[in-house]
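coords below, sequence missing:
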């Protein structure tokens with residue numbers, strides 16, 4: 001009964017938030033929040049010599065730099081611009097408080113350490129997630145890993161009433177779908193197209209999963225997994241400044257094209 005009551009309340013909040021926000025953002029893209037995943041005491045995933053939080057920050061800052069340079073009319077806000085720990089709910093709160101029109105979260109992927117070397121060498125590439133309830137297979141593993149960040153927060157039980165490792169906790173997500181899913185999918189698709197056709201990255205496609213950081217945002221939102229640190233070749237590439245620049249420019253071009261599409265509806 002408690003979960004049903006919470007779900008009903010969340011649906012109401014989602015509908016109220018979306019109805020008040022659409023009027024402000026339907027045809028304009030003026031503010032983007034760029035979220036470098038993890039940070040501080042939370043390193044994220046790791047490869048043989050590097051960690052997710054550092055690579056995510058480098059790409060996030062490069063992306064913001066491109067937007068500032070080539071789209072000066074767009075306000076860029078970072079959830080973090082240095083190595084610090086930002087609670088998961090606060091990342092979404094930053095976007096909501098600033099009435100952002102787009103939220104982009106940058107991450108890097110990795111397979112578990114007990115996976116064979118051959119498997120690690122075979123799995124590589126980019127994927128972009130939008131909020132959804134398709135929590136099966138690898139999608140669910142990504143959701144559990146990303147949502148487990150809340151375990152590092154003080155009093156997370158009071159903040160979230162959610163166990164990121166429990167399948168039952170994800171039932172709520174099937175009842176509360178994002179009001180901005182179509183726009184999120186449009187942006188995610190553009191990002192993956194840019195990766196595959198312009199940035200020279202392997203695309204693993206657009207996927208849906210129950211990711212807390214996306215679920216809490218009141219605007220089109222995506223989480224971009226820019227590659228696998230568990231893959232030796234891809235880890236070397238992700239630590240290259242030029243590759244980071246290519247990835248950031250691919251996301252930038254996708255954001256620019258998305259902005260143009262939205263504003264062409266005026």
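Ah, there it is. The model shown is predicted, which means the values in this text are computed figures rather than measured ones.

Could you give the number of residues near residue 260?
Residue 260 has 10 neighbours, counted by other Cβ atoms under 10 Å. For every residue, glycine as well, the C-beta is placed using N, CA and C.

ok now the helix or strand where it lies, how far from the chain's centre?
Remark: residue 260 resides in helix 241-263, with elements defined by DSSP states H and E. Centroid separation for helix 241-263 versus its chain: 15 Å, with Cα atoms, centre = their mean, to the nearest Å.

Name the residues of it that come out as buried.
243-259, 262 (16 or more other Cβ atoms under 10 Å).

Repeat that for stretch 103-118.
When neighbours are counted by 16+ other Cβ under 10 Å, the buried residues of stretch 103-118 are found to be 103-111.

Mind pulling the model confidence for residue 74?
The model reports residue 74 with a pLDDT of 98.

what about the one residue sitting closest to the centre of the chain, which helix or strand?
When Cα atoms, centre = their mean is applied to the chain, the residue found nearest the centroid is residue 223 (1.8 Å). Element membership of residue 223, judged by DSSP H and E, is strand 221-228.

Just the mean pLDDT for the helix or strand just after that strand, thanks.
Next helix or strand after strand 221-228 toward the C-terminus (DSSP H and E): helix 232-238. Helix 232-238 shows a mean pLDDT of 98.

Same question for stretch 82-90.
Per-residue pLDDT over stretch 82-90 has a mean of 92.

Span of it from start to end?
16 Å (Cα to Cα, to the nearest Å).

So which bits of that stretch are buried?
Neighbour-count burial for stretch 82-90 [16+ other Cβ under 10 Å]: 86-90.

and it, how far out from the chain's middle?
On Cα atoms, centre = their mean, the centre of stretch 82-90 falls 14 Å from that of its chain.

Stretch 28-48 too?
8 Å.

mind listing what's buried in stretch 179-186?
Going by neighbour count (16+ other Cβ under 10 Å), the buried part of stretch 179-186 is 179-181, 183-186.
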